[in-house]
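Visitor: give me a model of this one.
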Amino acid sequence: MLHSQTLKIVEAAKDENRVLTAREVDSIAKLAASIDKLEKKATIETYIEVFEEYNHWLMNVNVDFAQRNNQFQDLFIQSKISK
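Guide: Predicted structure coming up:
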């Protein structure tokens, strides 16, 4: 939806054969920042979902290793969040 809104702003200026106004540029910058935040959040969620599925599988293979590995996965997620 955010990509669509950005495209509409650009297409409107293009259809009117003009440059973007300062307000439109500001809106695009805000939309880009929101998109960036959402993409980072989705990436972290993806890591977590994969780790959960992997841990569920690993618990059936080797419980001790799964528990140790989970600690490292938590550290990994924390490092991603802090970036």
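
Visitor: residues contacting residue 34?
Guide: By CB atoms under 8 Å, 6 or more residues apart in numbering, the contact set of residue 34 is residue 2. C-beta here means a position set from N, CA and C on the backbone, and glycine is covered the same way.

Visitor: so how far is the helix or strand bottoming out on mean pLDDT in the chain off the chain centroid?
Guide: Lowest mean confidence among the helices and strands of the chain (mean pLDDT, DSSP states H and E): helix 22-61, at a mean of 91. Here helix 22-61 is found 2 Å from its chain centre; the criterion is CA atoms, centre = their mean, to the nearest Å.

Visitor: and the next helix or strand past it?
Guide: Of the helices and strands lying after helix 22-61 in sequence (DSSP states H and E), the nearest is helix 63-82.

Visitor: so what touches that next one?
Guide: Outside helix 63-82, the residues that touch it by CB under 8 Å, 6+ apart are 43, 44, 47, 48, 51, 55, 58, 59.

Visitor: could you list the buried residues of that helix?
Guide: With burial defined by 16 or more other CB atoms under 10 Å, the residues of helix 63-82 counted as buried are 66, 70, 73.

Visitor: what does stretch 14-30 give?
Guide: Using 16+ other CB under 10 Å as the test for burial, stretch 14-30 gives 24, 28.

Visitor: so how far is that stretch off the chain centroid?
Guide: Using CA atoms, centre = their mean, the mean C-alpha position of stretch 14-30 is found 25 Å from that of the whole chain.

Visitor: returning to that earlier point: make a PyMOL selection of the buried ones in the contacts of helix 63-82.
Guide: To isolate the buried members of the contacts of helix 63-82 in PyMOL, using 16+ other CB under 10 Å:
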select buried, resi 51+58
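
Visitor: between the contacts of helix 63-82, which sits nearest residue 21?
Guide: Residue 21 has its nearest neighbour among the contacts of helix 63-82 in residue 43, at 32.9 Å by CB to CB.
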